[in-house]
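# Okay, sequence plus prediction incoming.
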Amino acid sequence: MAFKAIYQLKNKKLWWIDVLLYFAVCLLIVSILCYFIFSIKNFSQRENIKKLNTALESIGTDQQKNIEKEVFNYQKKVNEFMLLLKNRKFVSAVFNFMEQQTFLNVWFDKFSMNRKDAEVDLSGEAVDMAAFSGQIASLERNEYIKKVTVLNSKLGNSGVVQFNLSLLMDPKIFNFSLQGLLSDTVTPSSGEIFNNE
């Protein structure tokens, strides 16, 4: 009985199979025509470009052409330099930043920086505990410093506070020019402004 059903399907013509076949053949013909049309247009455009290049080469003297090549070489070098400059991290901005943020009665005698992690280790002295506290508070509030860690601090014989700090900087500090950094930072004059808090 199953063989009989298969035999009937074989002899029975389905109209949608013919439609699909004709559609596929038409699509193939259209694709081939489009290919030839675009190939001809592409060839025509290439020929036009060759003619225009030939016309351009005939314009100007040899000296002008040499100067033009030289200008293009300089332009390429300038673009490469600008790319390098854009991707460069300005480590010197950190020194200027620290100079602007340091109180008058606080000074640093050791400075080391890990540029990869944007971490700065400092050691120094402050005139007294109030100046040291004010310096720490000022650094903690700064937008370019993510974290301030006091590694150790001790009171010296003459009342001077000796300390070691670790600062985790925001990497965006390297992207600012020195002039932009100067205009964006606040310069505290001394630690005394924090004494009354």
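Perfect, thanks for sending it.
# can you tell me which residues contact F132?
Neighbouring residues of F132 by CB atoms under 8 Å, 6 or more residues apart in numbering: V106, A126, S153, V161, F163, G191. Bear in mind the C-beta positions are built from the backbone N, C-alpha and C, glycine included.
# Kindly indicate the member of those with the most neighbours.
Neighbours here mean other CB atoms under 10 Å. Within the contacts of F132, the largest count is held by G191, at 24 neighbours.
# got a list of contacts for the longest strand seen in the chain?
The strand of greatest length in the chain, counted in residues with DSSP state E as the criterion, is given as strand 145-155. Contacts of strand 145-155 from elsewhere in the structure, counted by CB under 8 Å, 6+ apart, are 121, 129, 132, 136, 139-140, 161-170.
# Restricted to strands, list these.
Using DSSP E, the contacts of strand 145-155 in strands are D121, V161, Q162, F163, N164, L165, S166, L167, L168, M169.
# Need the pLDDT of the closest residue in space to the fourth one that isn't next to it in sequence.
Of all residues beyond its chain neighbours, the one nearest F163 is S153 (4.0 Å), with distances taken as CB to CB, 6 or more residues apart in numbering. S153 carries a pLDDT value of 87.
# rewinding a little: list only those of the contacts of strand 145-155 flagged as buried.
Among these, those scoring as buried are F132, I136, L139, V161, F163, L165, L167, M169 (criterion: 16 or more other CB atoms under 10 Å).
# out of those residues, who's nearest Y22?
Using CB to CB, the shortest approach to Y22 within those belongs to M169, at 71.6 Å.
# residue contacts, that closest one?
Contact analysis of M169 by CB under 8 Å, 6+ apart lists V94, A118, E119, V120, Y144, I145, K146.
# which element follows the helix ranked longest in the chain toward the C-terminus?
As assigned by DSSP state H, the longest helix anywhere in the chain is helix 15-57. Per DSSP states H and E, the first helix or strand lying C-terminal to helix 15-57 is helix 62-87.
# and the angle from that next one to helix 15-57?
Going by axes from the mean of the first three to the mean of the last three CA atoms, to 10 degrees, helix 62-87 is angled at 120 degrees with respect to helix 15-57.
# now the chain, which segments are flagged as low pLDDT?
Counting by pLDDT under 70, the chain has low-confidence residues at 1-13, 85, 87-91, 175-197.
# still on that earlier bit, what subset of the contacts of M169 is buried?
Judged by 16+ other CB under 10 Å, buried ones among the contacts of M169: V94, A118, E119, V120, Y144, I145.
# Would you confirm that G124 belongs to a helix?
No - secondary structure of G124 (DSSP: H, G, I helix; E, B strand; the rest coil): strand, not part of a helix.
# residues in contact with it?
G124 makes contact with V106, W107, F108, D109, K110, Q162, F163, L165 under the criterion CB under 8 Å, 6+ apart.
# wait, isn't the second one in contact with E125?
Yes - using CB atoms under 8 Å, W107 and E125 qualify as a contacting pair, with a distance of 6.1 Å.
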